[in-house]
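Peer 1: structure for the following, please:
(4 chains)
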2 protein chains.
Amino acid sequence: MATIKDVAKQAGVSVATVSRVLNDNGYVHGNTRKLVIEAIQQLSYKPNEVARSLFKKKSRLIGLLLPDIRNPFFPELARGIEDEIQEQGYQLIIGNIDEKYPKEMDYIQTFQQNNVTGIITATNLTGRSHYDDLSSPVVFLDRTFNDHPSVFADGIEGGRMAASELVKRGSKRITILKGPAQLQTAQDRFNGAIAWLRAEKVDFSVIETSSFSFSDAEMWAKELFEKYPDTDGILASNDVVAAAVLHEALRLGKAIPEDLQLIGFDDIPLSRLLFPPLSTIRQPAYDMGKEAAKLLIRLINKETHFEKNIRMPVMFIERQTTRKVEENG
Amino acid sequence: MATIKDVAKQAGVSVATVSRVLNDNGYVHGNTRKLVIEAIQQLSYKPNEVARSLFKKKSRLIGLLLPDIRNPFFPELARGIEDEIQEQGYQLIIGNIDEKYPKEMDYIQTFQQNNVTGIITATNLTGRSHYDDLSSPVVFLDRTFNDHPSVFADGIEGGRMAASELVKRGSKRITILKGPAQLQTAQDRFNGAIAWLRAEKVDFSVIETSSFSFSDAEMWAKELFEKYPDTDGILASNDVVAAAVLHEALRLGKAIPEDLQLIGFDDIPLSRLLFPPLSTIRQPAYDMGKEAAKLLIRLINKETHFEKNIRMPVMFIERQTTRKVEENG
DNA sequence: ACCTTCCATGTAACCGATTACACAATTAAT
DNA sequence: ATTAATTGTGTAATCGGTTACATGGAAGGT
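Peer 2: Reported below is the predicted structural model:
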């Protein structure tokens, strides 16, 4: 790889001049600039980002912290982020945390050692302020944390929407699968739903759950149909859980959506591939990623006067686990 | 952030000595070492990886090139890689290529500018040798390319296995969805299947396809059942395509697996969530990621005498789109 | 006692960029 | 014409590490 010195020699100028044309600052004579550009092309020179980063104390790297990229919601976020930052010349370093505090600390540490210029975190460990004394800006994605900048979907509205769509389509005895207690986003959905159901005086029951894993969800699905065999509308804590409920319902011979309606949450790619295709409350994951990236870049550029906490709209996606409004009970 | 100079001053030694204890090389007196270690802890000093990388011309970063992280097969690979390299203190930079050559070139460029110490690529652009003159080692994952180091699943055996399982369970008129022509892995599966079917003189037909996308697959599924309405065993080019076929078959009222058996390929997380859960040929994606990472690290460390082209075994995962062997034909 | 070898440590060059500062040449202003 | 401001370029310090080399003292061999 050619260095800035090689370019300088080739163009017959000093490295400072080369650097000036590279960064387009300071004074450079037109002819000199041409010579330098030619030299750069001839040597197909690309500046060494590491050297830059060392001097500037800022790289073009952005760190992304996720619970687990295998969870189908996160690739969407990651891709949204990447598409946005890539245009600005940034790169993504990812770290899977598995809800483990030491891993999170480790990654934050390493990110800093690598001079990352910003961090986006979608992890769920709360109550610790390990994000407070970082030199680089941090954006919280799919969660909020104190008054830190954040991008999140409107879970309360989502819960309300799910409940009302179910009732509007004729369900009378709703069962809600309450998501993990430590996840604010899951609680928002739950609270949004029960607030609406109470206000509307609709009968409902609750099954407590503690994870989003499919195999756990299979158990809760069984529990659900044992405890509340005559429920006719289920609000799952997310789409993976909804898939498990759907399985169990079909296994029990329930007609969906005729006997039983079901709404998930997230709209992961899987949801439309289920049978019947799952009605769900969509979080715009890809766009949330994009927004988080935009927000982060604004923070990096020290812009002012922009919204630092972005609530993204959710949307009811009507598929075939809910009935048509016309045919409601 | 404290620097090595701060540590040196605090411990009353030179930076060289600090560096020696950090890297555990050269001579350092026991007492001096203790002083340095204390200073490091007091200042909670962490070496700046950027400075290291600049001098060594090698970072602790590994580049990963993928078609699209949203495709459910790739998060598994990525996670396998990450778990392996993370133990060795490496970080992952990811790039989504979308099968676009300029994007691939861009990322390779940027990786080099960042001194990545190795690259793992799971992209599908062939016929160009843009990997030939890189200074860092490259591992091809889920594909092979000339004699470059690679990790891949045994597609030929997978195709053979899928065909034979279908026939063993009673299917007589097989239809094969032939995957995209430019993907070697897809062709291997196809060739493995038809070779076996021909040898066994089993009747089969072929539907040509050109992508792995679900919406395209919905069309091919329709085409399939129009052209070959009496097929009783389908071999899909992967699990996403299988999901589309499953939808169409259920829509047409086929009894699965009684009237029609179906086998996918990959075993993505979705597959067990389909209804009925999909029988498939499993590629050990997570382990393939791990193996690729191990292989890359061996190359980085310039080890010798190890296998540079690793063929991973595939496995038939029996779920409910195939019949039991006992109840066959 | 003298020479060699091993230890222990420090000084300074180096990695490849950016930029403060110095200086010369040109242009503008009075 | 003289001074001031602008333009163009180079030298060298700097970022934070690693390591080649130099140096000096202690230990070992004859």
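
Peer 1: could you chop chain A up by domain?
Peer 2: A:4-47, A:58-153+A:286-312, A:155-284 (automatic domain parsing).

Peer 1: secondary structure class for the most centrally placed residue in chain A?
Peer 2: Geometric centre of chain A, nearest residue: A:Leu77, 3.9 Å, by C-alpha atoms, centre = their mean. What DSSP: H, G, I helix; E, B strand; the rest coil gives for A:Leu77 is helix.

Peer 1: who's in contact with the closest residue to it other than its chain neighbours?
Peer 2: By the measure of C-beta to C-beta, 6 or more residues apart in numbering or on different chains, the closest residue to A:Leu77 outside its immediate chain neighbours is A:Gly289, 4.1 Å from it. For glycine as for every other residue, the C-beta is placed from the backbone atoms N, C-alpha and C. A:Gly289 sits next to A:76-84, A:141 when contact means C-beta atoms under 8 Å, 6 or more residues apart in numbering or on different chains.

Peer 1: so A:Gly289 belongs to a strand, correct?
Peer 2: No. Using three-state DSSP, the assignment for A:Gly289 is helix, not a strand.

Peer 1: where's the residue nearest to A:Gly233 when sequence neighbours are not counted, which helix or strand?
Peer 2: Nearest residue to A:Gly233 in three dimensions, chain neighbours excluded: A:Ser171, at 2.6 Å (C-beta to C-beta, 6+ apart). Using DSSP states H and E, A:Ser171 falls within no helix or strand.

Peer 1: gap between A:Ser171 and A:Glu165?
Peer 2: 9 Å (C-beta to C-beta, to the nearest Å).

Peer 1: related to what we said a few turns ago, out of the contacts of A:Gly289, who has the most neighbours?
Peer 2: Most neighbours among the contacts of A:Gly289, by other C-beta atoms under 10 Å in any protein chain shown: A:Leu141, with 31 neighbours.

Peer 1: quick one, strands of the stretch 151-300 of chain A?
Peer 2: Secondary structure of the stretch 151-300 of chain A (DSSP state E, counting those that start in this stretch): strands located at A:173-178, A:203-208, A:233-235, A:261-266, A:279-282.

Peer 1: could I get those as TSV with mean neighbour count, mean pLDDT and distance to B:Ala244?
Peer 2: Listed next are the strands of the stretch 151-300 of chain A as TSV, based on neighbours: other C-beta atoms under 10 Å in any protein chain shown; pLDDT from 0 to 100; distance: least, C-beta to C-beta, whole Å:
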stretch	mean neighbour count	mean pLDDT	distance to B:Ala244
strand A:173-178	22	96	28
strand A:203-208	16	95	32
strand A:233-235	29	97	26
strand A:261-266	29	97	20
strand A:279-282	26	98	19
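
Peer 1: those strands: which one's closest to A:Ala242?
Peer 2: Closest to A:Ala242 of the strands of the stretch 151-300 of chain A is strand A:261-266 (C-beta to C-beta; 3.3 Å).

Peer 1: could you list the paired strands of the closest one along with their orientation?
Peer 2: With DSSP bridges as the test, strand A:261-266 is paired with strand A:233-235 (parallel), strand A:279-282 (parallel).

Peer 1: B:Arg70 is nearest to which of those strands?
Peer 2: strand A:279-282 (15.2 Å).

Peer 1: returning to that earlier point: tell me which two of the contacts of A:Gly289 sit farthest apart.
Peer 2: A:Asp83 and A:Leu141 (14.5 Å).

Peer 1: fine by me, we can end here.
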